[in-house]
Each structure stands twice: as C-alpha cells, then as structure tokens.
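Participant: I'll drop the sequence and a predicted model, then ask my questions.
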Amino acid sequence: MNLQGKRVLVFGTGKSGIGAADLLEETGAHVILFDGNEKTDKDAVLTKVSHAEDASVYAGELPKEVLESLDLVILSPGVPTDIPIVKKFYEMGLPVWGEVELAYRTSKGRVLAITGTNGKTTTTALLGKIMSDAEDSVFVVGNIGTPYTSKALEMKENSTTVAEISSFQLETIEEFAPQVSAILNITEDHLNRHHTMEEYIRVKELIVKNQKPENYCVLNYEDPVLREFGQHIVPKTVYFSSVRKLDEGIYLDGDLIVLKTAEAEIPFVHTGELKLLGQHNFENVMAAVAMAYYAGVSVESIRKSICEFTAVEHRIEYVTEKNGVAYYNDSKGTNPDAAIKGIQAMNRPTLLIGGGYDKGSSYDEWLNAFDGKVRYLVLIGQTREKIKEAAERLGVCPNIVLCEDLKEAVEFCAQKAEAGDAVLLSPACASWGQFDNYEQRGDMFKEYVKAL
C-alpha cells in the first residue's frame, strides 16, 4: 500500500504509537491518533509527535465521520484485537496492521526475528551484538525497547534487522517474513489477553507464517509443542537442546556448545568462557548462535562476540553487595516460568521479592522450584495474597511477609539478610499497577538498594 495521502488511524499513544505516527508522517500519510482512555491529555500526546501540526488526536470515542474516512488502522501492541472498536474496523473491511507490519512494509534489508515466552531480550541483545560485530548496518528493535517503526526508514538493502517480537505484535502481521526466526519456548503467559493456551501458542507460531523453504526457524527441542511444530513448517527447522545431543542442530555436550550440520560438527564455546549464568542462558546462546550461523556469520566472529557479551539489564542482573549480601535485579521475570530461571540461578540462601499485577497465572510451579533456598518470601502488589495462599498450601517457605511497596520490601530484606545471603527481585508478575513497566521497577529496586 502506498501510504502517501492515506488517512491512517494509530490506535495507542504510547512509545509504539508515537513511533508509528512519526513513520507515517514521513511517508506522507495523514495521521489520526486515538486513545481509548477518555482522560488522555491530547495536547501532551501532540507534543511527542514530530509533525504535530499535521496530526489530530481523539480520546475515548472516535467520531463516526472520522471512522468512515479511514484507509488503514495501525494497532499498538497493547491494544487487544477482540475489543468492540477493533472488531468494527475488521467488519468495515479496513486493513488492520500492527506496528511490526507497518515497519516491515516501509523498511529494507533482511529480518532476523525472535519470539518466545522467556529469554527473548537476552537472545535478541546477543544476536544484535553478533550481527553488529560482523556487519555495518544492523538495527536491534522491537520489544527490546526501540520501536521497529522508529528505525524503519533508516534501513537499507544491506541492513539486517534483529527484532524481538511479542505475541501481541504477532497477532497483527500480514506480510512480515523473517529470513531466520526463532521461538525459544512457550509457557503460560498473557492468558488475560489471549484467553486460552491454544490461542497463545497459535499466535506465537505465526512468526513462520510467511517464511519460505530457503528460510530457517530455530526451535527448542525440549519444548514438546515446538518439537512437534518443527516437523510441519515451511522453513528449515533447526533445533537446540540443553539436555541431549542432536543428530542435527545445536546442543550442549557437557559444558561444550556444539552445532552439528549434515556436513560438519562445530564446537563453539565452553560455557565457562561465557559471562552469562544458568542453563536458560546457555539455551539463549545456542539460539542466537544458530540464527547467526544460518544468517551467514563466520564461526570465529560468532565465537568472539558471544564470549564478550554481558547480561541484559533487569535479567538476573547483579546490582551490588552490601554487608556480605548480594543483590540481584530480575525485574524482567514477569511470569512464573521466567522467575523459575531467576531462583534456579541463585547459589546461596535467598530473600525473594515477588508479586505484582495479576495476569491470571498459576504460581505453584514457581513456588515448588524454590528447592529450600528461599529463606523469606516477601510479597507486594495485587497478587501478594494469592501467592501467599499458594505458598502456605505448598509449604515451600518458612517465612512469608507482605509489604506495601517495593521500597518497604527492600528495607525489610536488608534487615533480615545475613552475610552470604542473596536478595533477589524476581516478581513472577507484570509490573503494571505499581510501575509503568518492568524497567522502571528494576531501576527503582536498584535505587532502593543503593540507598540502603
């Protein structure tokens, strides 16, 4: 679609929506911004848009004449596709794209795309480093923090885009087609949005929707859903495994990461040479290595990059040590499965801060993963009572404490922690309600720790 002169509605006025609006203005479209919250400050929204004089803003309700004048709708990732107004767009026959689809259609070069419930950000950042070390024009975008739309027009034919793609973003793709894709794992998450596990899986698997036979998809062999999925897809399947040797694929052999193709067996790195901790991170490394290898990067270049890479902020991030107590920020542990990785990575008695916004998750598996190492479970947020009841029922922790907020939780942990302990923020819940996002939650945790 040629966007010049088209009337395009951007639904959502956050970072993603503003990025889409700016891109559309650059392509010559007429932009109409819309937010479903009637209390949205329309003037404040306009101050964020590059060409505010050419855009209009509506909040709460969309006038009938505006609705009927539209040529295209761009949905921000946070907007569900099953709410009445979005259903109305579809009924009217309007094209409805997500931010990723808009960026893909207006950019150039090739795309390497990563999705999965957990590990996306670390894998995307690592693959971004590998590609940036090997090539001149590389963009790392998507759910990792830089909107894809904000960089799309800078991309050239020789560019490589490394994109972290969420299930929310995959719901609204049409032509988006990565050269190499990856689904790292699929565990229960976002059921408040997708409603059923079957729908969540379906949406994640859309990442291969437009891939061709010469493309690649990297999948976790130890995830039964993905193992089965890999046998029925158009692109070539490349499995990774941290628990067994594969006839073909990338796997952990003791402490050695090995890539096995039909022609060769390539030892890449011993895990002790990496700056990342934990089996889940070794899986992230394997996924990134496989993607880079099948994107044409040399073995030596990949090896050098992965040995230099350090952990992503907010993901089992070492903050400091005070009075012999180590503090770790795992604010990106926004669901139980991610938080399991956080507690498994701890190698000392732990005071664990959890709780937050309720996404409808079950916490039993996370609580059962404590394995006797959690001395205090300190709970905050909307889910604190729910988690407390589950923890008491399972008998997994001798001390369960409810705090009003994160500051109080940090101060409590500092009082109770002994030399040799760890204090871990790994909430198993989203940050909404008390924080704007998990980054803000992690930053506040680090501030409170440093102020002790």
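Facilitator: Nice, I can see it.

Participant: which residues are contacting stretch 54-62?
Facilitator: 9, 13, 21, 25, 30-40, 42, 45-46, 49, 66, 85 (C-beta atoms under 8 Å, 6 or more residues apart in numbering). In this view, the C-beta of every residue, glycine as well, is placed from N, C-alpha and C.

Participant: Likewise for stretch 251-261?
Facilitator: Residues contacting stretch 251-261 (C-beta under 8 Å, 6+ apart): 240-250, 265-272, 279, 282, 285-286, 289-290, 293.

Participant: Look at residue 344 and say how many residues are nearby.
Facilitator: Residues lying near residue 344 (other C-beta atoms under 10 Å) number 17.

Participant: residues contacting it?
Facilitator: 278-280, 369, 371.

Participant: Compare the residues you listed and tell me which is most surrounded.
Facilitator: Within the contacts of residue 344, most neighbours by other C-beta under 10 Å means residue 280, with 23 neighbours.

Participant: Quick check: that residue vs residue 90, distance?
Facilitator: Note on residue 280: its distance to residue 90, by C-beta to C-beta, to the nearest Å, is 38 Å.

Participant: likewise residue 196?
Facilitator: Here residue 196 is placed at a distance of 20 Å from residue 90 (C-beta to C-beta).

Participant: Tell me the helix or strand right after the lowest-mean-pLDDT helix or strand in the chain.
Facilitator: Counting by mean pLDDT, DSSP states H and E, the chain has its least confident helix or strand at helix 191-194, which shows a mean of 54. Once the chain leaves helix 191-194, the next helix or strand it forms, by DSSP states H and E, is helix 197-204.

Participant: Tell me which other helices or strands that next one touches.
Facilitator: Here helix 197-204 touches helix 167-170, helix 191-194, going by 3 or more C-beta pairs under 8 Å, 6 or more residues apart in numbering; DSSP states H and E.

Participant: tell me the contacts of residue 174?
Facilitator: 95, 97, 101.

Participant: repeat for residue 432
Facilitator: Residues near residue 432 by C-beta under 8 Å, 6+ apart: 356-357.

Participant: Surely it is within a helix?
Facilitator: No - Residue 432: not assigned to a helix; according to DSSP: H, G, I helix; E, B strand; the rest coil it is coil.

Participant: Now it. Its backbone dihedrals?
Facilitator: Residue 432 has phi and psi values of phi -60, psi 150 when expressed as degrees, to the nearest 10.

Participant: Could you check how far it is from residue 109?
Facilitator: According to C-beta to C-beta, residue 432 and residue 109 sit 34 Å apart.

Participant: do residue 325 as well
Facilitator: Computed with C-beta to C-beta, the distance linking residue 325 and residue 109 is 47 Å.

Participant: Give me the below-cutoff pLDDT ranges for the stretch 301-450 of the chain.
Facilitator: Low-confidence segments of the stretch 301-450 of the chain, defined by pLDDT under 70, are absent.

Participant: For it, which segments count as helices?
Facilitator: In the stretch 301-450 of the chain, the helices defined using DSSP state H, counting those that start in this stretch lie at 336-344, 364-368, 384-394, 406-416, 438-450.

Participant: tell me what the fourth one is packed against?
Facilitator: Other helices and strands packing on helix 406-416, by 3+ C-beta pairs under 8 Å, 6+ apart, are strand 350-354, strand 374-379, strand 422-425, helix 438-450.

Participant: same check, this time on the shortest one
Facilitator: Helices and strands touching helix 364-368, by 3+ C-beta pairs under 8 Å, 6+ apart, are helix 336-344, helix 384-394.

Participant: Show me the beta-bridge partners of residue 96.
Facilitator: Note on residue 96: beta-bridge partners residue 73, judged by DSSP bridges.

Participant: What count of nearby residues applies to it?
Facilitator: Using other C-beta under 10 Å, residue 96 has 20 other residues around it.

Participant: quick one: it from residue 208, how far?
Facilitator: 21 Å.

Participant: just residue 272 next, same as before
Facilitator: To residue 208, residue 272 is 34 Å away according to C-beta to C-beta.

Participant: neighbour-wise, which of these two wins?
Facilitator: Under the criterion of other C-beta under 10 Å, the comparison of residue 272 against residue 208 puts residue 208 first, with 23 against 7.

Participant: is it true that that one touches residue 179?
Facilitator: No - counting by C-beta atoms under 8 Å, residue 208 stays clear of residue 179, with 11.8 Å between them.

Participant: which residues does residue 282 contact?
Facilitator: Residues in contact with residue 282 (C-beta under 8 Å, 6+ apart) are 242, 252, 257, 271, 274, 276.

Participant: just checking, which of the residues you listed belong to strands?
Facilitator: With DSSP state E as the criterion, strands contain 252, 257 from among the contacts of residue 282.

Participant: Residue 122: which of the contacts of residue 282 is nearest?
Facilitator: Among the contacts of residue 282, residue 276 lies closest to residue 122 (C-beta to C-beta), at 7.4 Å.

Participant: Quick check: closest non-adjacent residue to that closest one.
Facilitator: Distance criterion C-beta to C-beta, 6 or more residues apart in numbering; nearest residue to residue 276, sequence neighbours excluded, is residue 311 at 5.9 Å.

Participant: how's the protein carved up into domains?
Facilitator: 7-94, 101-308, 317-450 (automatic domain parsing).

Participant: Distance to residue 1 added to those domains, as JSON lines?
Facilitator: Shown next, in JSON lines, are the domains of the chain (distance: least, C-beta to C-beta, whole Å):
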{"stretch": "domain 7-94", "distance to residue 1": "7"}
{"stretch": "domain 101-308", "distance to residue 1": "7"}
{"stretch": "domain 317-450", "distance to residue 1": "32"}
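
Participant: Could you turn the buried ones of the contacts of stretch 54-62 into a PyMOL selection?
Facilitator: The buried residues among the contacts of stretch 54-62 can be selected in PyMOL (16 or more other C-beta atoms under 10 Å) with this line:
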select buried, resi 9+13+21+25+30+31+32+33+34+35+36+40+45+46+49
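
Participant: Give me the subset of the contacts of stretch 54-62 lying in helices.
Facilitator: Of those, the ones assigned to helices by DSSP state H are 21, 25, 42, 45-46, 66, 85.

Participant: Closest one to residue 409 out of those, please.
Facilitator: Nearest to residue 409 among those, with distances taken as C-beta to C-beta, is residue 45, at 34.2 Å.

Participant: No further queries at this time; thank you.
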